[in-house]
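Q: need the 3D shape of this:
(one chain, ligands or ions: 1)
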Amino acid sequence: MAYYSLPASSKEEYSIEVEDVSMIFNIASEVLTNLKEYFIKAMKHELFFKEFRALNHVSFKVSRGEVVGLVGTNGSGKSTMLKCIAGVLEPSEGSITVRGNIAPLIELGAGFDPELTARENIYLNGALLGYTKEFIDGHLQDIIDFAELQDFMDMPLKNYSSGMVARIAFAIATVTEPDVLIVDETLSVGDVFFQEKCEARIKSFIDSGHVTVLFVSHSIEQVERICTRAVWIEKGQQRMDGPVEEVCRAYRAQFD
Ligand SMILES: Nc1ncnc2c1ncn2[C@@H]1O[C@H](COP(=O)(O)OP(=O)(O)OP(=O)(O)O)[C@@H](O)[C@H]1O
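A: Numbers count the residues shown, from 1 in each chain. This is a model prediction of the structure:
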């Protein structure tokens with residue numbers, strides 16, 4: 001397996017290349033109810049795991065500026081695929097190449113410290129995303145304005161609601177135009193007004209024509225509205241890859 005994060009290149013057609021990727025998780029083959037039981041089994045070498053293939057030989061390429069939706073029923077492997085592309089998970093087999101900087105809108109707020117204020121978290125998370133302090137100083141007001149949380153900036157994050165955390169996280173991750181935007185169910189977190197605002201910002205990136213977007217949503221209407229192409233993954237297997245209307249029609253047909 002291999003993961004390549006390369007600089008954006010105008011010579012290369014593809015921003016994302018997923019080649020024969022499999023993700024194998026080891027899952028416990030029996031249920032252990034407490035830690036003591038776990039340690040006894042571990043000492044006796046009686047802990048057994050079975051392999052579970054969350055992704056099974058998946059391959060697709062996404063051209064620069066293309067907007068692709070990943071569809072599939074619950075547990076089919078969509079989030080696992082996005083995490084592998086974002087470099088959060090290492091695939092067990094195959095290779096992934098990403099060209100350019102990624103804004104991963106995955107598990108929004110996961111890198112935040114609940115004891116710190118929103119303002120402190122903006123600097124912390126910004127540093128994790130590779131921004132300098134000077135850059136954040138210059139963009140802090142934009143982030144606060146987009147999140148619409150001016151009056152809550154000095155409150156510890158532990159007192160924020162999950163929607164408020166998502167607002168801050170989305171505002172930081174999208175403060176500049178990324179080369180590759182990875183969106184996993186982000187838009188379902190905030191309230192309907194914020195969802196519309198996020199969708200508008202994503203749309204503005206798409207309209208620029210040079211941001212590559214990989215998008216997961218349980219709303220098939222949203223996938224149809226935003227994407228031009230869709231990849232359907234089912235039980236870790238790639239079922240279909242094509243124009244968004246065709247794939248979504250076939251996906252819907254399984255429920256009829
Ligand atoms: N860390 C892990 N350890 C073990 N199994 C995992 C792990 N992460 C995911 N899985 C399993 O991999 C499968 C795919 O999960 P994944 O979250 O990628 O699906 P999904 O298509 O995004 O689902 P949903 O639509 O419900 O969000 C599931 O069966 C899940 O239980």
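Q: every contact and neighbour count from this point should use C-alpha atoms.
A: Noted.
Q: for the helix or strand hosting Phe52, name the packing helices and strands.
A: Using DSSP states H and E, Phe52 sits within strand 49-63. Counting contacts by 3 or more CA pairs under 8 Å, 6 or more residues apart in numbering; DSSP states H and E, strand 49-63 packs against strand 14-28, helix 78-86, strand 237-243.
Q: show me which residues of the shortest one are buried.
A: Taking 16 or more other CA atoms under 10 Å as the basis for neighbour counts, the residues of strand 237-243 that come out buried are Gln237, Gln238, Arg239, Met240, Asp241.
Q: poorly predicted segments of the stretch 1-150 of the chain, please.
A: Along the stretch 1-150 of the chain, the parts satisfying pLDDT under 70 run over 29-30.
Q: what about the helices in it?
A: 35-43, 78-86, 118-128, 133-147 (DSSP state H, counting those that start in this stretch).
Q: can those helices go into CSV with extra columns for mean neighbour count?
A: Shown next, in CSV, are the helices of the stretch 1-150 of the chain (neighbours: other CA atoms under 10 Å):
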stretch, mean neighbour count
helix 35-43, 11
helix 78-86, 22
helix 118-128, 19
helix 133-147, 15
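Q: so which of those gets nearest the ligand?
A: helix 78-86 (3.7 Å; CA to the nearest ligand atom).
Q: near the ligand, which residues of this protein show up?
A: Neighbours of the ligand within the chain, by CA under 6 Å from any ligand atom: Phe25, Ile27, Ala54, Gly72, Thr73, Asn74, Gly75, Ser76, Gly77, Lys78, Ser79, Thr80.
Q: excluding chain neighbours, give the residue nearest to Lys203 in space.
A: Spatial nearest neighbour of Lys203, excluding adjacent residues (CA to CA, 6 or more residues apart in numbering): Ile226 at 7.5 Å.
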